[in-house]
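> Structure for the following, please:
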Amino acid sequence: MTQNYFEAEDLAQETFVAAYEHLDHFDGQHEKAWLCRIAMNKCLDFLKKDRRRAIPQEEDAFLYLADQETIETHVLAQEVQSELKHACESLPPPYRAVALAHFYEEKDAAEIAREQNKNVKTVQTQIYRARARLQKIYGKEQMPWDGT
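Modelled structure (predicted):
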């Protein structure tokens, strides 16, 4: 419920302390349900308090930064996309359109086949051959757009 291991650990301790403190109120039946109810109440109280505080924690800041796309990453991605488009456009006609659609526009073979009124197997073969030609253009290094 807390989405945080350490907070959950603390709340588990608080649960058992509260159970011990209120042991005289326990009727002796359904101890698991009784402990679960105390734990749930502790978690709900924690979440209510936590929302009111809303002070960002250090690890939350790092998670936020990790999720944000930096300017450098964005520029590099644009450069790779531009280079990829140029490489696809340099391919001969049967492969140019398929390569642009598959590698640059990220369409699958079935979608390309529908758009270009071709057989799916034909498009798959053209993608395979276009990939081989692009690998020659880029050398033996890993191509950044398809993980091969």
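
> okay, CA-based contacts and neighbour counts for the rest of this
Fine.

> pretty sure residue 113 is touching residue 125, no?
No: at 11.4 Å, residue 113 does not count as touching residue 125 under the criterion of CA atoms under 8 Å.

> of the two, who's got more company?
Taking other CA atoms under 10 Å, residue 113 and residue 125 do not tie; residue 113 has more neighbours (17 against 13).

> Which positions within stretch 1-10 qualify as buried?
For stretch 1-10, burial by neighbour count (16 or more other CA atoms under 10 Å) applies to residue 8.

> ugh, typo on my part, it should be stretch 11-28
Buried residues in stretch 11-28, counted by 16+ other CA under 10 Å: 11-12, 14-15, 19.

> Select from the residues you listed every entry located in helices.
Taking DSSP state H as the definition of helices, the buried residues of stretch 11-28 contribute 11-12, 14-15, 19.

> Of the residues you listed, which is the nearest to residue 87?
residue 11 (57.1 Å; CA to CA).

> okay, and for the chain, where does confidence drop off?
50-76, 140-148 (pLDDT under 70).

> Pipe the buried residues of stretch 11-28 into a markdown table and attach distance to residue 77 per row.
Formatted as a markdown table, those follow (distance: CA to CA, whole Å):
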| residue | distance to residue 77 |
| --- | --- |
| 11 | 44 |
| 12 | 45 |
| 14 | 49 |
| 15 | 49 |
| 19 | 55 |
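
> With just CA atoms, put the lengthiest helix in the chain into PDB.
In the chain, with assignment by DSSP H, the single longest helix is helix 31-53. Taking Å, rounded to 0.1, in the frame of the first residue of the first chain, the C-alpha atoms of helix 31-53 are listed here in PDB:
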ATOM      1  CA  GLU A  31      -6.100 -13.000  15.200                       C
ATOM      2  CA  LYS A  32      -5.000 -12.800  11.500                       C
ATOM      3  CA  ALA A  33      -8.000 -10.600  10.600                       C
ATOM      4  CA  TRP A  34      -7.400  -8.500  13.700                       C
ATOM      5  CA  LEU A  35      -3.700  -7.900  12.800                       C
ATOM      6  CA  CYS A  36      -4.600  -7.300   9.200                       C
ATOM      7  CA  ARG A  37      -7.100  -4.700  10.200                       C
ATOM      8  CA  ILE A  38      -4.600  -2.900  12.400                       C
ATOM      9  CA  ALA A  39      -2.000  -3.000   9.600                       C
ATOM     10  CA  MET A  40      -4.500  -1.600   7.100                       C
ATOM     11  CA  ASN A  41      -5.500   1.200   9.500                       C
ATOM     12  CA  LYS A  42      -1.800   2.000  10.000                       C
ATOM     13  CA  CYS A  43      -1.200   2.200   6.300                       C
ATOM     14  CA  LEU A  44      -4.300   4.400   5.700                       C
ATOM     15  CA  ASP A  45      -3.200   6.700   8.500                       C
ATOM     16  CA  PHE A  46       0.300   6.900   7.000                       C
ATOM     17  CA  LEU A  47      -1.100   7.600   3.500                       C
ATOM     18  CA  LYS A  48      -3.300  10.400   4.800                       C
ATOM     19  CA  LYS A  49      -0.400  12.000   6.700                       C
ATOM     20  CA  ASP A  50       1.900  11.500   3.800                       C
ATOM     21  CA  ARG A  51      -0.400  13.300   1.400                       C
ATOM     22  CA  ARG A  52      -0.600  16.300   3.700                       C
ATOM     23  CA  ARG A  53       3.200  16.500   4.100                       C
END
